[in-house]
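**Student:** Kindly generate the corresponding structure for this input.
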Amino acid sequence: MTTPSGRARPMSRDDRRAAIAAATVPLLARYGSAVTTRQIAQAADVAEGTLFRAFEDKDELIHAALVAALDPAPLVRAISETGERGSLAETLTALAELIQDSQRATARIVQVAHQVMGDRGGPPGGPGGEAHRRHRDDVHRNHGTQGPGSHRDARMSAVQDIVQAIEARLSPFAAELRTEPRVAASVFFFLVHGHASPLLVQDGPLDATQIVDVFLHGVLEAPCQGAGPPHAVGPPHAAVRRTDARPAVPGPTASLA
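**Tutor:** Below you'll find the model as predicted:
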């Protein structure tokens, strides 16, 4: 951003904090808690001393990076910017890979932040509880609200933003779908996102191609001949098509907490 004279406008403290936190996210995913402030300063293109004018200490910076990592905006932007992939299967595979990459990076950063809070912060209410309080306040402040339900509301909003971006990518293929793009987007996101849960992964996670194959073709050898639910009567697939209202998006998963 520049001034009318053409000079760069000085960044506000909040903007600088946000820029430093964003630059720290990929470093945490790569190096974990071993990342140095020198590496962060180089990535953020600032002097190392600037880090400690923007943040009290390294812990606060890592907490801010965690908040930035949980922001859905980069994933939404990446989904929206995916170019034409040809077929529906190719488009879904590209989307699944984006979601999986985002999940892996976020999971790594969450692990690092929890490790740092455990090693240095101590349990909430204990001698190091200030670190936990600071992290909690940062999360609420960056999501714009505070209160018992505010974090859940922020997660819900994040999920809705992602699902809407997926819906926009699926809309050109609406004629190929037996359900509305909104429904397909919701189911697809939770299939990809939910599969990342360590409770579900046994022999290693499915790759994007496998997930897309199950999503598009189901698990039955001959889906159209399979016994549907008791209420599925009438024309094929009539029970799953919603034309009277937009379906509700399922609630967010625990890994978005």
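
**Student:** tell me what whichever strand or helix holds Gln103 is packed against?
**Tutor:** Element membership of Gln103, judged by DSSP states H and E, is helix 88-116. Applying 3 or more CB pairs under 8 Å, 6 or more residues apart in numbering; DSSP states H and E, one finds that helix 88-116 makes contact with helix 13-31, helix 58-69, helix 73-80, helix 150-170, helix 181-195, helix 208-217. Backbone N, C-alpha and C define where each C-beta goes, glycine included.

**Student:** again, only using 10 Å
**Tutor:** With contacts defined as 3 or more CB pairs under 10 Å, 6 or more residues apart in numbering; DSSP states H and E, helix 88-116 has these neighbours: helix 13-31, helix 58-69, helix 73-80, helix 129-143, helix 150-170, helix 181-195, helix 208-217.

**Student:** which parts of the last one are buried?
**Tutor:** The neighbour-count criterion (16 or more other CB atoms under 10 Å) identifies Ala208, Ile211, Val212, Asp213, Phe215 as the buried residues of helix 208-217.

**Student:** how much space between Ala41 and Lys58?
**Tutor:** According to CB to CB, to the nearest Å, Ala41 and Lys58 sit 12 Å apart.

**Student:** what sits in contact with each of these two?
**Tutor:** Common neighbours of Ala41 and Lys58 (criterion: CB atoms under 10 Å, 6 or more residues apart in numbering): Leu51, Phe52.

**Student:** quick one: low-confidence ranges for this structure?
**Tutor:** Applying pLDDT under 70 to the chain flags the ranges 1-9, 116-152, 196-205, 223-257.

**Student:** Tell me who's in contact with Glu97.
**Tutor:** Counting by CB under 10 Å, 6+ apart, the residues that Glu97 touches are Thr82, Val192, Asp207, Ala208, Thr209, Ile211, Val212.

**Student:** Would you mind measuring from the second one to Ser12?
**Tutor:** If I follow you right, that is Val192. Val192 is 37 Å from Ser12, where distance means CB to CB.

**Student:** swap in the fifth one?
**Tutor:** Computed as CB to CB, the Thr209 to Ser12 distance reads 45 Å.

**Student:** count of residues packed around the nearest residue to Arg108 once chain neighbours are set aside?
**Tutor:** Closest residue to Arg108 apart from its sequence neighbours, by CB to CB, 6 or more residues apart in numbering: Ala29 at 4.8 Å. By other CB atoms under 10 Å, 19 other residues sit near Ala29.

**Student:** Compute the inter-axis angle for the helix holding Gln103 and helix 13-31.
**Tutor:** Counting by axes from the mean of the first three to the mean of the last three CA atoms, to 10 degrees, helix 88-116 lies at 100 degrees to helix 13-31.

**Student:** Can you give me the buried ones in helix 88-116?
**Tutor:** Neighbour count says helix 88-116 has 88-89, 91-100, 102-103, 105-106, 108-110, 112-113, 116 buried, by 16+ other CB under 10 Å.

**Student:** returning to what we had before: Val192 and Ser12: who's more crowded?
**Tutor:** The neighbour comparison of Val192 against Ser12 (other CB under 10 Å) goes to Val192, with 23 against 9.

**Student:** May I ask you to confirm that that one is in contact with Asp101?
**Tutor:** No - contact between Val192 and Asp101 fails when scored by CB atoms under 10 Å: they sit 11.0 Å apart.

**Student:** shared neighbours of these two, anything?
**Tutor:** Ala208.

**Student:** And stretch 171-185, what's buried?
**Tutor:** Buried, per 16+ other CB under 10 Å, within stretch 171-185: Thr179, Glu180, Pro181, Arg182, Val183, Ala184, Ala185.

**Student:** which one of the residues you listed is nearest His63?
**Tutor:** Ala185 (31.6 Å; CB to CB).

**Student:** List the buried residues in stretch 21-39.
**Tutor:** Ala21, Ala22, Ala23, Thr24, Val25, Leu27, Leu28, Ala29, Val35, Thr37, Gln39.

**Student:** I am finished for the moment; much appreciated.
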